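J.: how does the following fold in three dimensions:
(chains A, B, C and D, ligands or ions: 2)
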Number of protein chains: 2
Amino acid sequence: MKLSKRGEYALRALIDIGLAHALGKTLVSSSELAKQERIPVKFLEAILLELKRAGYLHSKRGAQGGYFLAQPMHRIKIGDVVRRIEGPLAPIRCASVTAYEKCSCPDEAHCGLRLLMVDVRNAIANILDRYTLADTVEVTLRKLRRDKAPLPFVEAAR
Amino acid sequence: MKLSKRGEYALRALIDIGLAHALGKTLVSSSELAKQERIPVKFLEAILLELKRAGYLHSKRGAQGGYFLAQPMHRIKIGDVVRRIEGPLAPIRCASVTAYEKCSCPDEAHCGLRLLMVDVRNAIANILDRYTLADTVEVTLRKLRRDKAPLPFVEAAR
DNA sequence: GCAATGTCTATCATTTTGGTAGGAATTGCA
DNA sequence: TGCAATTCCTACCAAAATGATAGACATTGC
Ligand code: FES
Ligand code: FES
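T.: Numbering: from 1, shown residues only, chains lettered A, B, ... in the order given. Ligands and ions are numbered 1, 2, ... in the order given. Sure, this is the predicted structure:
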């Protein structure tokens, strides 16, 4: 039941880019992002590239370059991002909706474990497929403002 | 978001032992179990040993030996078994209730990802900590009977 | 005493994870 | 025009996790 560092970094990066976007900074470089999120630069680069290939980001090369969102935030479902980076949401393949695969169980039709894991997968999907990047960014932003915490990317945007 | 084979096998074995118990067969050998569940014998042995060390099973050595439940089924929470075999339920450590650990996020208090993952972890825990082995066995048994499927361990119990 | 069984230790191949290194290609700007 | 900043690409790597397998020893029932 674990999200890898790769997945964690991907989501953190995406949220950060979304946050920057919401604050008026539509372009963020990998080095900025790495610094802000304390992620190894080179590792992050690879991840951003993957997010780009997945269609979530576009990029601009060269000096003053960086990454920016390729889709409106409310259309980026967290669940899809996780699926792309980590694979199926279901804890076990025979309980997966989008990537079903037979398992070694002798009698799948009466497997209690499968039933249970289908429930778990649905519970996870209900959250991750309902929440979009827009939701996540909004919640974060609201929390930051309520606590009067320093907003990221605002000095840099000046 | 994945359950390893080890975890899968552990749960399947436990459910099977519970099923056998419910059908009057209180003692099951690793070879029977391996055959029934199509799990490599030696691998299963190691897992059963771990379940024993965790206090879920007792064993009887020698001929006619085997494993049997060390606790009443309704007191074995699936969530605890998973935690024991797989580790924390939360997808990310900073969202774990039972095994919290700080992550590299610069501002944990305002991290949108963490919020989201706390929700996911709660959704998972709500299912896995609510369901006991007794529930799982009962559901399985009911399904088997409704479909008039051949019950496992009954011929062998004769 | 023998067969069946649990217990223990060691080993292993493969995959996944979490990176690092270096350089080529592109672009903005002085 | 050239330099610095940036993305993009390929290759490589060490450590850990995964999913087993092998073999010997200990215990018990018959
Ligand atoms: S675990 Fe997949 S059907 Fe039983
Ligand atoms: S991911 Fe752990 S606090 Fe942000």
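J.: DNA strand C contacts on chain A?
T.: Chain A comes close to DNA strand C at residues A:4-6, A:40-43, A:46, A:60-65, as judged by CB under 7 Å from any atom of the strand. The way it works is simple: take the backbone N, C-alpha and C, and place the C-beta from them, glycine included.
J.: inside helices: which ones of those?
T.: In this view, those that belong to helices under DSSP state H are A:5-6, A:41-43, A:46.
J.: let me know the closest of those to chain B.
T.: Compare each of these with chain B using CB to the nearest CB and the shortest gap goes to A:Lys5, at 9.0 Å.
J.: ok so, going back, let's have the ones in helices among the residues of chain A next to DNA strand C in CSV, adding distance to A:Pro91 and pLDDT.
T.: Converted to CSV, those look like this (distance: CB to CB, whole Å; pLDDT from 0 to 100):
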residue, distance to A:Pro91, pLDDT
A:Lys5, 19, 98
A:Arg6, 18, 98
A:Val41, 33, 98
A:Lys42, 31, 98
A:Phe43, 26, 98
A:Ala46, 26, 98
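J.: what is the nearest of the residues of chain A next to DNA strand C to ligand 2?
T.: Using CB to the nearest ligand atom, A:Lys5 comes nearest to ligand 2 of the residues of chain A next to DNA strand C, at 10.4 Å.
J.: so how far is B:Ile76 from the closest one?
T.: Applying CB to CB, to the nearest Å, the value for A:Lys5 to B:Ile76 is 32 Å.
J.: and those two? Which one has more around it.
T.: More crowded of A:Lys5 and B:Ile76, by other CB atoms under 10 Å in any protein chain shown: B:Ile76, with 25 against 14.
J.: is the strand or helix carrying A:Gln36 positioned near DNA strand D?
T.: Element membership of A:Gln36 [criterion: DSSP states H and E] is helix A:30-37. Yes - applying CB under 7 Å from any atom of the strand, one finds that helix A:30-37 is in contact with DNA strand D at A:30-31.
J.: buried stuff in that helix?
T.: With burial defined by 16 or more other CB atoms under 10 Å in any protein chain shown, the residues of helix A:30-37 counted as buried are A:30, A:32-34, A:36-37.
J.: make a markdown table out of those and add pLDDT and distance to ligand 2.
T.: Formatted as a markdown table, the entries for those read as follows, by pLDDT from 0 to 100; distance: CB to the nearest ligand atom, whole Å:
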| residue | pLDDT | distance to ligand 2 |
| --- | --- | --- |
| A:Ser30 | 98 | 19 |
| A:Glu32 | 97 | 18 |
| A:Leu33 | 97 | 14 |
| A:Ala34 | 97 | 15 |
| A:Gln36 | 96 | 12 |
| A:Glu37 | 97 | 9 |
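J.: of these, which is the nearest to DNA strand D?
T.: Closest approach between the buried residues of helix A:30-37 and DNA strand D, by CB to the nearest atom of the strand: A:Ser30, at 3.6 Å.
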